[in-house]
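Enquirer: fold the following and give me the result.
(one chain, ligands or ions: 1)
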Amino acid sequence: MKVLTMGEVMIQFNSTVTGPLRHVNYFEKHVAGSEGNVAIGVKRLGIDSAVLTAVGGDEFGKNILMALKAEGVDTSAVKVDSSKPTGIYFIQRGFPIPEHVDVVYYRKDSAFSNLSEEDIKDEYFKDIDLFHTSGISLSLSDSARKACEKALKICTENKIIVSFDTNIRRKLLRDRKEALEKLNLFLENSKIIFTGKGDLEFIFGEKIDNIENMADEFLKSYCKNCETLVVKLGEKGSIAWNGGKWYHQGTFKVNVVDEVGAGDAFDSAFLACYLKGKDTQTCLKMGSVAGALVTTTRGDYEAFPGEKEIQEFLNKVQGKEYLR
Ligand code: KDG
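Expert: So this is what the prediction gives:
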């Protein structure tokens, strides 16, 4: 089994203290970016992976390649574009809203944003069972979106399972109309779709009372070929629709240090379980464990568990999972 993910892998500068960035003197440097996180996550759970991305020929690009290789992710579909910079971003904590995390991007005109259809080669899809990307990649630039759409076409022609996370980033999309225009092809053609309560509210332009009703509406209106829809609800857990039935999963209580990356950890564990043929309830539970564990350290993927660690965690917390 092999997964190919497509998206911008970046360098994250993670504030070690709270407050406005102008007064933060110390940052931790991490490799991050949603789809790269998923490639690392599934690999830690024993599924081979590759990432289709572009980095600059700079030190940060080298850093990303080093990290992906160290995790055993296949980097043969990584383009090194020496004429463009690697995307970077900063995490500001607790300001101006206490407990809140703000993300500040420096990724305009980055190597990945300049990726185009010509960069998408058939050979990248050889031996691939599942392709995963997200709304972030579709929002970065027209050329990156067209490149993703070419990847989608190759997947459809070769019957590769397509998995998609709506991952709406409000700093990258103006409004729901733009979001729907850009995400539409992937919503229509993906077999597995991950979303979140916030993303559904953005897409429908209204607050949600009943999450299942809203998710049903989402499926009916936009997700023609979807077989599994997963809605991540943060500390309220997650639900999944599959085979005409809804499944529910609570969250695990951990000491949260950094919640960025939790959604990607969830997707990775869910997908790894899915590819191993596990049932939807088990996939949800594994997603929930991985999502909880990565929040216990700074950085998006460092605390992503392997099979053994998931078991150790479950043995310890058995019976203590709960819907908050
Ligand atoms: O899911 C975590 C990502 O959001 C983070 O690493 C940055 O990929 C990122 C993005 O575009 O927001």
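Enquirer: all strands for the stretch 101-250 of the chain, in order.
Expert: Here the stretch 101-250 of the chain has its strands, by DSSP state E, counting those that start in this stretch, at 101-106, 130-134, 161-165, 192-196, 228-232, 238-242, 245-249.
Enquirer: got a markdown table for these, with distance to the ligand and mean pLDDT too?
Expert: Using the backbone N, CA and C atoms, a C-beta is placed for each residue, glycine as well. Compiled in a markdown table, those are given as follows (distance: least, C-beta to the nearest ligand atom, whole Å; pLDDT from 0 to 100):
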| stretch | distance to the ligand | mean pLDDT |
| --- | --- | --- |
| strand 101-106 | 6 | 97 |
| strand 130-134 | 8 | 98 |
| strand 161-165 | 9 | 98 |
| strand 192-196 | 11 | 98 |
| strand 228-232 | 11 | 98 |
| strand 238-242 | 15 | 97 |
| strand 245-249 | 19 | 96 |
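Enquirer: between those strands, which gets nearest to residue 263?
Expert: Distances from residue 263 to each of the strands of the stretch 101-250 of the chain were compared using C-beta to C-beta; the minimum, 5.8 Å, belongs to strand 228-232.
Enquirer: can you tell me the closest non-neighbouring residue to residue 248?
Expert: With C-beta to C-beta, 6 or more residues apart in numbering as the criterion, residue 248 has its nearest non-adjacent residue at 5.3 Å, and that residue is residue 239.
Enquirer: same deal with residue 237?
Expert: Residue 237's closest residue in space is residue 250 (C-beta to C-beta, 6+ apart), at 4.5 Å.
Enquirer: most tightly packed of the strands of the stretch 101-250 of the chain?
Expert: For those, ranked by mean neighbour count under the definition mean count of other C-beta atoms under 10 Å, the leader is strand 130-134 at a mean of 26.
Enquirer: what strands line up against that strand, and which way round?
Expert: Looking at strand 130-134 with DSSP bridges, its paired strands and their directions are strand 2-6 (parallel), strand 161-165 (parallel).
Enquirer: what's the separation between the residue nearest to residue 237 and residue 258?
Expert: If you measure residue 250 against residue 258 using C-beta to C-beta, to the nearest Å, the figure is 21 Å.
Enquirer: also residue 127?
Expert: Taking C-beta to C-beta as the measure, residue 127 falls 34 Å from residue 258.
Enquirer: between these two, tell me which one has more neighbours.
Expert: Neighbours of residue 127 and residue 258, each counted by other C-beta atoms under 10 Å, are more numerous for residue 258; the result is 22 against 12.
Enquirer: apart from its chain neighbours, what residue comes closest to the more buried one?
Expert: Closest residue to residue 258 apart from its sequence neighbours, by C-beta to C-beta, 6+ apart: residue 298 at 4.5 Å.
Enquirer: surely the one you found and residue 28 touch.
Expert: Yes: contact status for residue 298 versus residue 28: in contact at 5.4 Å, counting by C-beta atoms under 8 Å.
Enquirer: these two - which one has more neighbours?
Expert: Taking residue 298 and residue 28 together and counting by other C-beta under 10 Å, residue 298 has the greater number of neighbours (20 against 14).
Enquirer: and the stretch 101-250 of the chain, which of its residues are near the ligand?
Expert: Residues of the stretch 101-250 of the chain lying close to the ligand (C-beta under 6 Å from any ligand atom) are 103, 136, 169.
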